[in-house]
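This is a predicted model, with the sequence first.
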Amino acid sequence: MSTESSAIVQKVWNYCNVLRDDGVSYGDYVEQLTYLVFLKMADEQTKPPFKSKSTIPTDFDWQSLVEKDGVDLEVHYRAVLDKLGKEKGLIGVIFRKSQNKIQDPAKLKRLVMLINGETWLGMDIDVKGEIYEGLLQKNAEDVKSGAGQYFTPRSLIKAVVEVMKPQAGMTIYDPACGTGGFLLVAHDYITAHNRTLDREQIQFLKDGTVIGKDIVDSVARLCAMNLYLHGIGGKESPIEVGDALVSEPSEHYDMVLTNPPFGKKSSITVTNGDGETNKETLTYSRNDFWAASTSNKQLNFVQHVWSLLKIHGTAAVVVPDNVLFEGGAGEVIRKNLLHNCNVHTLLRLPTGVFYAQGVKANILFFDKKPAAKKPWTETLWIYDLRTNMHFTLKTNPLKLEDLQDFIACYNAGNQPKRKETERFHAFPYDKLMERDKVNLDIFWLRDESLEDSDNLPDPDVIAQEIAGNLEDALEQFSGIVGSLQK
């Protein structure tokens, strides 16, 4: 981040001090900033040199907030949020189900005046984008907020985009977009590698290239605002709110880049007539799924990503280890994926790079192919960035330099000329099919930590892994019981 951007991020972040005494969380604070900064920018667009027609309904704009004080300001602010949450397009996504979390009218007034003191449209797009990204990262690094699950490390995203090489004219989709990291980096990559785009291509890059979806309203609004501040989208939002898994896609895309949520099961909260709530496990009745009976969210997302792609479309999807070895529906999905796609690369990620301790994740790269009798996968290349690699979120975070060897081995420009190295091995299709349950959880390097008890993971990490394995076993037993009952 540039010195200029860093200073402004710090200044904007210091606004949080205004609200901490009231117990406003980091996430709530960033949300309130989103509402107010959006209104301030919309107001600036109506003034010289822009003189655009206001997109905000009369009497609910920025000036209506600036002119009020005290209880009148708080009451009117709530009315603004309620009104704008019912609008269509980008405004509706930004303000959908929005609430005022600032209970003290004096502190709300101070925040309004602090934002009013900046000219946001006058800033360079890169600066505005970096400011917001900085705030999102600070929020993600606050473990108590739980926001890290929506913020994939940018070094990892950059490496993925570097090997995927998105091109101008492509449509790029993320069905679990979080705060928009994959979409933003893909957009920036196309911009940086295409300096001679014509007006039509530039417009498509702005309005039609990146599209996303997220099931959480608050996260979708942060993503929409993040893209907006980076100059992506306009009156219509490129981000949709909803459950991506619920139905077959009506559109198909050239590229899918995504890091789906890492919950074991999909569930919904149901309230009965007495006001009591409980969670019910979801299974999706999708005719396009190879295994529609599973409630495993990650297995469903793998199938969904396949369904989103155009023929010859490409995908990179982050998956936990259980997607690689789980039996039952997992085996069915892996067999179909290997047959119907060219599943060419698997990157085994080290622990400690996501905002949940002990999470073991991988990135699966595959290309969708037309229906054929012969399997499309010939060789799966696996890069092991996990064994004997140690990273932490703060003291030793994963950097782009740590991924340069993977980028070189991936050899995006000429995959047939790949060569094996200590960490990069090839596994032919026939050998994969011979493995029990078509298990793709393959490793070959000697793990030095197993030879030294001092290097064992923390007890809470071991406990989490045991709990996860027990959950997997219970789910498989439940499936067997269900089959017997039928």
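Okay, I see it.

can we go C-alpha only for contacts and neighbour counts from here?
Will do.

which residues of the stretch 251-400 of the chain score low on pLDDT?
For the stretch 251-400 of the chain, the stretches flagged by pLDDT under 70 are 263-283, 355-358.

same thing but at 50, please
267-272, 277 (pLDDT under 50).

So which residues of it form helices?
Along the stretch 251-400 of the chain, the segments classed as helices by DSSP state H, counting those that start in this stretch run 297-308, 322-325, 329-340.

and those, which is most packed in?
Highest mean neighbour count of the helices of the stretch 251-400 of the chain: helix 297-308, a mean of 23 (counted as mean count of other C-alpha atoms under 10 Å).

what does that one rub up against?
Helix 297-308 is contacted from outside by 175, 245, 248-249, 251-253, 256, 260-266, 288-290, 292, 294, 315, 317, 319-320, 323, 329-330, 333, 368, using C-alpha atoms under 8 Å, 6 or more residues apart in numbering.

thinking again about what came up before, quick one: the helices of the stretch 251-400 of the chain as JSON lines, columns for distance to Gly169 too.
Below are those laid out as JSON lines (distance: least, C-alpha to C-alpha, whole Å):
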{"stretch": "helix 297-308", "distance to Gly169": "17"}
{"stretch": "helix 322-325", "distance to Gly169": "32"}
{"stretch": "helix 329-340", "distance to Gly169": "25"}
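
out of those, nearest to Thr58?
Closest of the helices of the stretch 251-400 of the chain to Thr58 is helix 297-308, at 39.9 Å (criterion: C-alpha to C-alpha).

Next step: the contacts of helix 297-308 restricted to strands.
In this view, these that belong to strands under DSSP state E are 253, 256, 315, 317, 319-320, 368.

element containing Ala140, please.
Per DSSP states H and E, Ala140 falls inside helix 125-141.

what comes up buried for that helix?
Applying a neighbour-count criterion of 16 or more other C-alpha atoms under 10 Å, one finds 127-141 buried in helix 125-141.

now stretch 404-420
Within stretch 404-420, the residues scored as buried using 16+ other C-alpha under 10 Å are 406-407, 409-410, 418.

how about the helices of the stretch 251-400 of the chain, which one is nearest Pro57?
Closest to Pro57 of those, according to C-alpha to C-alpha: helix 297-308, at 36.2 Å.

now the closest one and helix 329-340, what's the angle there?
Using axes from the mean of the first three to the mean of the last three C-alpha atoms, to 10 degrees, the inter-axis angle of helix 297-308 relative to helix 329-340 is 20 degrees.

how's the protein carved up into domains?
If you go by automatic domain parsing, the domain ranges for the chain are 3-132, 146-455, 459-486.

and Pro261, how many neighbours does it have?
Neighbours of Pro261 under the rule other C-alpha atoms under 10 Å: 18.

Settle this for me: it is touching Ala176, isn't it.
Yes. Under the contact definition of C-alpha atoms under 8 Å, Pro261 touches Ala176, with a separation of 7.3 Å.

So which residues of the stretch 1-150 of the chain form strands?
Assigned by DSSP state E, counting those that start in this stretch, the stretch 1-150 of the chain shows no strands.

Next secondary structure element downstream of the helix or strand harbouring Leu205?
Here Leu205 sits within helix 199-207, counting by DSSP H and E. Counting by DSSP H and E, the next helix or strand C-terminal to helix 199-207 is strand 210-214.

so after that next one, what's the next helix or strand?
helix 217-229.

residues of that next one that come out buried?
217-229.

how much distance is there from the next helix or strand along the chain from that helix to the middle of the chain?
For helix 217-229, the following helix or strand on the C-terminal side (DSSP H and E) is strand 239-241. Centre-to-centre, strand 239-241 and its host chain are 12 Å apart (C-alpha atoms, centre = their mean, to the nearest Å).

what's next to strand 239-241, contact-wise?
By C-alpha under 8 Å, 6+ apart, strand 239-241 touches 93, 211-217, 220, 223-224.

next one: stretch 96-110
Looking at what lies outside stretch 96-110 - C-alpha under 8 Å, 6+ apart - the contacts are 18-19, 22, 24, 28, 32, 66, 69-71, 73-74, 77-78, 81-82, 84-86, 217, 221.

just stretch 158-176 next, same as before
182-183, 185-186, 189-190, 194, 201, 204-205, 208-215, 244, 253-261, 305, 314, 316, 400, 403-404, 407, 410-412.

Buried subset of the residues you listed as a ChimeraX selection?
Filtering the contacts of stretch 158-176 down to the buried ones (16+ other C-alpha under 10 Å) takes a single ChimeraX command:
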select :182,183,185,186,189,190,204,205,208,209,210,211,212,213,214,215,244,253,254,255,256,257,258,259,260,261,305,314,316,403,407,410
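
residue boundaries of the helices in the stretch 51-200 of the chain?
Remark: helices assigned in the stretch 51-200 of the chain by DSSP H, counting those that start in this stretch are 62-66, 70-84, 89-95, 105-116, 125-141, 154-164, 181-192, 199-207.

quick one, what contacts the closest residue to Ile239 other than its chain neighbours?
Distance criterion C-alpha to C-alpha, 6 or more residues apart in numbering; nearest residue to Ile239, sequence neighbours excluded, is Gly212 at 4.7 Å. Neighbouring residues of Gly212 by C-alpha under 8 Å, 6+ apart: 173-177, 180, 183, 238-240.

Dump those residues to TSV, plus distance to Thr395 and pLDDT.
As requested, the contacts of Gly212 are exported to TSV (distance: C-alpha to C-alpha, whole Å; pLDDT from 0 to 100):
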residue	distance to Thr395	pLDDT
Tyr173	33	98
Asp174	30	97
Pro175	31	96
Ala176	28	94
Cys177	27	93
Gly180	25	91
Leu183	27	96
Pro238	35	94
Ile239	34	95
Glu240	36	94
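
so Asn340 sits right up against Phe366, yeah?
No. Using C-alpha under 8 Å, Asn340 is not in contact with Phe366; the gap is 9.9 Å.

Distance check, Glu74 against Asn116.
Separation of Glu74 from Asn116 (C-alpha to C-alpha, to the nearest Å): 17 Å.

the more surrounded of those two?
Glu74 (21 against 17).

Determine how far the helix holding Ala140 lies from the middle of the whole chain.
Chain-centre distance of helix 125-141: 15 Å, with C-alpha atoms, centre = their mean.

same deal with stretch 377-384?
Relative to its chain's centre, stretch 377-384 lies at 25 Å (C-alpha atoms, centre = their mean).

before we move on, what about stretch 411-422?
Relative to the chain's own centre, stretch 411-422 is displaced by 28 Å; criterion: C-alpha atoms, centre = their mean.

cool, and stretch 45-59?
Computed by C-alpha atoms, centre = their mean, the chain-centroid distance of stretch 45-59 equals 32 Å.

what does stretch 304-317 give?
Distance, centroid of stretch 304-317 to centroid of chain: 16 Å (C-alpha atoms, centre = their mean).
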